[in-house]
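I would like the atomic coordinates for the input below:
(2 chains)
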Amino acid sequence: EVQLVESGGALVQPGRSLRLSCAASGFTFDEYAMHWVRQAPGKGLEWVSGINWNSNNRGYADSVKGRFTISRDNTKKSLYLQLNSLRADDTALYYCAKDQGDYFGSGSYYDSWGQGTLVTVSS
Amino acid sequence: QSVLTQPPSASGTPGQTVTISCSGSNSNIGSNTVNWYQQLPGTAPKLLIHTNHQRPSGVPDRFSGSKSGTSASLAISGLQSDDEADYYCAAWDDSLNGRDVFGTGTKVIVL
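Prediction:
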């Protein structure tokens, strides 16, 4: 059974940094692209970032480009998201999601999701 | 921020068919496949339909998807009370550097 467990969410002040983690199990982690998707309170879903199986391509939403960095460690079966220069509108539940393929892009879809980790940005 | 437009809500009585539309453009739905996700209250999203009309194993055939041009739709037939949830369409968008985009979401209400 595929399991994705996010951690690292917290209450942080604007301008500060945070690192989210996602521990994967139940599948061959290094064969799949991975993503972060977020959901602000009471709002819809927003794709944040994606990374290929071998980390050689990463993509970001315009709203986080230059501030967030996605990475992965296939030896640890873990996905990460470094969040810098946090703003109030980054407040959201951040989901880790498994792609159906090894490269993200056209044809991607998310066949497994974690339960999310909450990031709250407030002074 | 969402580039895929869905109606905010849709409703029906048990047993009826509800259809949700998803309107996009040439750079997303017009060029790429559409996926649908179901989010039950208080839970993570779940893949419902992928590649326009494909159902993952375990998804009842009451759920069906279709795509035409720059629009897509999700139909729920034989509506049940536990279908009450938020539904999101999604597609890759080729504009800028490429990104995945979600629809605005539709809340399905079972009357």
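
hey, what's A:L11 bridged with?
For A:L11, the beta-bridge partners are A:T120 (DSSP bridges).

I'd say it and A:A88 touch.
No - applying C-beta atoms under 8 Å, one finds A:L11 not in contact with A:A88, separated by 11.9 Å. Quick note: C-beta positions are derived from backbone N, CA and C, even for glycine.

ok, the residue nearest the centre of chain A - contacts?
Geometric centre of chain A, nearest residue: A:W36, 2.5 Å, by C-alpha atoms, centre = their mean. For A:W36, the contact set (C-beta atoms under 8 Å, 6 or more residues apart in numbering or on different chains) comprises A:20, A:22, A:47-50, A:70, A:79, A:81, A:94-97.

Identify the contacts common to A:L11 and A:A88.
Contact criterion C-beta under 8 Å, 6+ apart; residues shared by A:L11 and A:A88: A:S122.

and chain B, which of its residues are near chain A?
Where chain B comes near chain A, counting by C-beta under 8 Å from any C-beta of the partner chain, the residues are B:1-2, B:31-33, B:35, B:37, B:39, B:43-47, B:50-51, B:56, B:86, B:88, B:90, B:92, B:94, B:96-105.

Buried only: go through those for me.
With burial judged by 16 or more other C-beta atoms under 10 Å in any protein chain shown, the buried subset of these is B:2, B:31-33, B:35, B:37, B:39, B:44-47, B:50, B:86, B:88, B:90, B:92, B:94, B:98-105.

what pLDDT does the residue nearest to B:P41 when sequence neighbours are not counted get?
Excluding its sequence neighbours, the residue lying closest to B:P41 (C-beta to C-beta, 6 or more residues apart in numbering or on different chains) is B:A85, at 7.0 Å. B:A85 carries a pLDDT value of 98.

all strands for chain A, in order.
Assigned by DSSP state E, the strands in chain A fall at A:3-7, A:11-12, A:18-25, A:34-39, A:45-51, A:58-60, A:68-73, A:78-83, A:92-99, A:110-113, A:117-121.

which parts of the third one are buried?
Residues A:18, A:20-24 are the ones in strand A:18-25 that count as buried (16+ other C-beta under 10 Å).

Could you pick out the longest strand of chain B?
Max-length strand for chain B by DSSP E is strand B:85-93.

what's the next helix-or-strand element following it packed up against?
Sequence-wise, the next helix or strand downstream of strand B:85-93 (DSSP states H and E) is strand B:99-102. Packed against strand B:99-102 by the contact rule (3 or more C-beta pairs under 8 Å, 6 or more residues apart in numbering or on different chains; DSSP states H and E) you find strand A:45-51, strand B:85-93.

Reformat the ones you listed as JSON lines; add distance to B:G24.
Formatted as JSON lines, those follow (distance: least, C-beta to C-beta, whole Å):
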{"stretch": "strand A:45-51", "distance to B:G24": "14"}
{"stretch": "strand B:85-93", "distance to B:G24": "6"}
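
Near chain B, which residues of chain A are found?
A:35, A:37, A:44-47, A:50, A:59-63, A:95, A:100, A:104-116.

Need the buried ones from those selected in PyMOL.
Of those, the buried ones go into a single PyMOL selection, burial set by 16+ other C-beta under 10 Å:
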select buried, chain A and resi 35+37+44+45+46+47+50+59+60+61+95+100+104+105+108+109+110+111+112+113+114+116
